[in-house]
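Asker: Have a look at this fold, sequence not included:
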């Protein structure tokens, strides 16, 4: 995974931003997570290992890694696992139309989320709101419920 990438403003930006605890806790009550394939400052590659039974995924938002995590989430769901992804609400992408819309439950979050991490000035911040809306993509249930015959 890319550790540092240039943002749209051209500045080096870290992909290491923590999900707000209140949001994680609320989702964990519902889904009882047993694995996070891309935790903050992970020392493993979540794309190359098998995931747990119920997974929380807040992937790096860069244009290289995010699509890979969406594809991996879809593959893990096809194995019978539950995957809850927190990603930007990008509804015009190929991944949205081919993997998310036909198979996942989608929940749009109200307001923009403030993540915690190191900003482009090298300072710890918990006030950085993303520049886009967010959505939860939930892959769960039996595969046969979604297939078109």
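Answerer: Structure's in. What do you need? Bear in mind that the values here come from a model prediction, so they are computed numbers and not experimental data.

Asker: Following element in sequence after the stretch of helix or strand residue 106 belongs to, please.
Answerer: Per DSSP states H and E: residue 106 is located in strand 105-108. Taking DSSP H and E as the definition, the helix or strand that follows strand 105-108 towards the C-terminus is strand 114-118.

Asker: chain center to that following strand, what's the gap?
Answerer: Using CA atoms, centre = their mean, to the nearest Å, the distance from the centre of strand 114-118 to the centre of the chain it belongs to is 15 Å.

Asker: now stretch 44-54
Answerer: Here stretch 44-54 is found 13 Å from its chain centre; the criterion is CA atoms, centre = their mean.

Asker: what comes up buried for that stretch?
Answerer: When burial is assessed from 16 or more other CB atoms under 10 Å, stretch 44-54 yields the following buried residues: 46, 51, 54. Glycine gets a C-beta too; all of them are placed from N, C-alpha and C.

Asker: Now do the contacts for the last one.
Answerer: Just to be clear, that refers to residue 54. Residues near residue 54 by CB atoms under 8 Å, 6 or more residues apart in numbering: 31-35, 81-82, 84.

Asker: what residues does the strand holding residue 106 touch?
Answerer: 89, 100, 133-138, 140.

Asker: Parallel or antiparallel, which strands does it pair with?
Answerer: For strand 105-108, the paired strands and their directions (DSSP bridges) are strand 134-139 (antiparallel).

Asker: Run the angle between the partner strand and strand 114-118 for me.
Answerer: Angle between the axes of strand 134-139 and strand 114-118 is 100 degrees (criterion: axes from the mean of the first three to the mean of the last three CA atoms, to 10 degrees).
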